[in-house]
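# sequence first, then the predicted structure, then my questions.
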Amino acid sequence: MEFSEPITKIMQQTPDVKSFRFNRPESFDYKAGQYILVTIPVGEEMVRKPFTLSSSPTEKDHLEFTKKLTGHEYSNVLDSTDTGDILKIDGPYGKMTFEGEYDKIALLSGGIGVTPMISICKYCTDLKLDTMVTLVSSNKTEEDIVFRDELENLENQNKYLKVVFTLTRASSEWQGCREYICENLITREIPDFKDYLYYLCGPPGMVKSVESMLENLEIPDERIKKELFTGY
Ligand SMILES: Cc1cc2nc3c(=O)[nH]c(=O)nc-3n(C[C@H](O)[C@H](O)[C@H](O)COP(=O)(O)OP(=O)(O)OC[C@H]3O[C@@H](n4cnc5c(N)ncnc54)[C@H](O)[C@@H]3O)c2cc1C
């Protein structure tokens, strides 16, 4: 489906991450984990890039996507938009979705790869599903953690949701995990890890390394879903 909508809200999530909201057309249906294509004018051209919806299908009034600001052309144009500016949207696309079909899911994300994961976490919480969800969000520093407050709130509301933040360049005050997503972290945080369905999202290098780690843990391919944020 293609449509154009004015931006209704812009939220600075971290120093280099912003969320953009707009009204959800009544006929726009999507699954948690799916992405849209967002077209904006960059110089003389109209440029289109994919972004996962960080909103949940249970949020009926708005759609939201969240962009890591890179300082490049498209990013700078999007960063300079204001409420009222029009976005051209096409979608939804993508197969890394969740609709309540599994009992236990592990969501493993690197950096901005958390966008489909928050959609799935909100979906499970809003629908009061008893799906066991463990989200591991890996970031460089504490200030890079996207949706920290929102995820902690969801965790407080949903007894089946566990959120683990791990930092690769943590300050000395950080009390949490300080490692890349690794076999140790998985087996420690998800003792019954063999029973889980895995969702991986982030930069291609991160997704590939987590995939080979899951292979070492003898998780079959058919229990792994992934979305690679190519383009970085
Ligand atoms: C299915 C899918 C879903 C996605 N969802 C999201 C999402 O939810 N949030 C999100 O932030 N991103 C998402 N992405 C990635 C997104 O589409 C963009 O590719 C990304 O945001 C980078 O776009 P950009 O225009 O900022 O950077 P680009 O200009 O495309 O730059 C990307 C990289 O290219 C290199 N590069 C480009 N130009 C230069 C230059 N002049 N000099 C040196 N290096 C350069 C750099 O390494 C840079 O980091 C998704 C991608 C896919 C495929």
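Okay, I see it.

# dump the residue contacts of Lys128.
If a contact means Cβ atoms under 8 Å, 6 or more residues apart in numbering, then Lys128 has Asn158 as its contacts. Every residue, glycine included, has its C-beta placed from N, CA and C.

# phi and psi next, for it.
Torsion angles at Lys128 (phi, psi; degrees, to the nearest 10) stand at phi 50, psi 40.

# cool, and the one 3 residues further on?
Geometry field for Thr131 lists phi and psi as phi -70, psi 130, criterion degrees, to the nearest 10.

# tell me which parts of this structure are close to the ligand?
By the rule Cβ under 6 Å from any ligand atom, the part of the chain lying against the ligand is 35, 49-52, 65-68, 70, 72, 74-75, 112, 115, 227, 229-232.

# for the residue of the chain found nearest the ligand, helix, strand, or coil?
For the chain, the residue closest to the ligand is Gly231, as judged by Cβ to the nearest ligand atom, at 2.2 Å. Following DSSP: H, G, I helix; E, B strand; the rest coil, Gly231 is assigned to coil.

# and it, how many neighbours?
For Gly231, the count of nearby residues is 11 (other Cβ atoms under 10 Å).

# so where do the strands sit in the protein?
2-14, 17-23, 35-42, 45-52, 62-68, 86-93, 104-110, 132-139, 161-167, 197-202, 224-228 (DSSP state E).

# Leu154: which of those strands is closest?
Among these, strand 161-167 comes nearest to Leu154, with 5.9 Å by Cβ to Cβ.

# which other helices and strands contact the closest one?
In terms of contacts (3 or more Cβ pairs under 8 Å, 6 or more residues apart in numbering; DSSP states H and E), strand 161-167 is packed against helix 115-126, strand 132-139, helix 148-157, helix 183-189.

# who touches the first one?
What that stands for is helix 115-126. Against helix 115-126 from outside (Cβ under 8 Å, 6+ apart): 32-35, 51-59, 65-66, 94, 96, 98, 100, 105, 107, 109, 129, 131, 133, 135, 137, 146-147, 150-151, 154, 157-158, 160-161, 163, 199, 201, 227.

# so what's the residue of the chain positioned farthest from its centre up against?
Taking Cα atoms, centre = their mean, the residue of the chain most remote from its mean C-alpha position is Glu44, at 30.8 Å. Contacts for Glu44 (Cβ under 8 Å, 6+ apart) come out as none.

# quick one, phi/psi of it?
phi -80, psi -10.

# low-confidence ranges, the chain, go.
232 (pLDDT under 70).

# show me it divided up by domain.
As assigned by automatic domain parsing, the chain contains the domains 2-93, 104-228.

# please check the residues of the chain next to the ligand and keep the buried ones.
35, 49-52, 65-68, 74-75, 112, 115, 227, 229 (16 or more other Cβ atoms under 10 Å).
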